[in-house]
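K.L.:
This is a predicted model, with the sequence first.
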Amino acid sequence: MLAITASALIWVGVGFAGYAIYLAFLPQTGAPWAAACAAAILVIGPLTYAALVNIHMPHVAQPRLHTPDAHVTPAQAENATLTLLAKVAEEKPLLAVLFAGILGASEAVMHRKD
């Protein structure tokens, strides 16, 4: 909740800053050019900052990925879905429950007698 509030405050602040820049340029340039100048300042400023930070940040070499060992097992068509579900259940049990529910619903629809 705090992050949402902070984000809203930042957006409101940026809006007011843009309006203040617009009002500052309005007497000298007119409405269209004042809006364009305010937009340019609010876009070019952060982009310049991001570019400078990216240029001055040291680049760390990415670690090389190793190639995984391929383990090929013979396929059993009748148990393929259950095998996949069992492998998912080892890593993410909640996702496995969701998949089991979808699998059960699809079985019920496929075997439904009209």
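P.N.:
The structure has been received and is ready for your questions.

K.L.:
For stretch 88-97, list every residue counted as buried.
P.N.:
Neighbour counts over stretch 88-97 (16 or more other CB atoms under 10 Å) mark 88, 96 as buried. C-beta: built from backbone N, CA, C; applies to glycine.

K.L.:
likewise stretch 15-29?
P.N.:
Buried-residue list, stretch 15-29, by 16+ other CB under 10 Å: 21-22, 25.

K.L.:
With stretch 105-113 instead?
P.N.:
Buried residues in stretch 105-113 (16+ other CB under 10 Å): none.

K.L.:
Report the mean confidence score over that stretch.
P.N.:
If you average the pLDDT over stretch 105-113, you get 80.

K.L.:
That stretch: how far from the chain's middle?
P.N.:
Distance, stretch centre to chain centre, for stretch 105-113: 36 Å (CA atoms, centre = their mean, to the nearest Å).

K.L.:
With stretch 38-47 instead?
P.N.:
24 Å.

K.L.:
now do stretch 16-33
P.N.:
Its chain's C-alpha centre and that of stretch 16-33 lie 34 Å apart, by CA atoms, centre = their mean.

K.L.:
same deal with stretch 98-106?
P.N.:
The answer for stretch 98-106 is 27 Å, by CA atoms, centre = their mean.

K.L.:
just stretch 58-76 next, same as before
P.N.:
For stretch 58-76, the distance to the chain centre is 24 Å (CA atoms, centre = their mean).

K.L.:
gap between the two ends of stretch 19-39?
P.N.:
10 Å (CA to CA, to the nearest Å).

K.L.:
before we move on, back to that, so which of the buried residues of stretch 15-29 sit within helices?
P.N.:
Among the buried residues of stretch 15-29, the residues falling in helices (DSSP state H) are 21-22, 25.

K.L.:
Many thanks, we can stop here.
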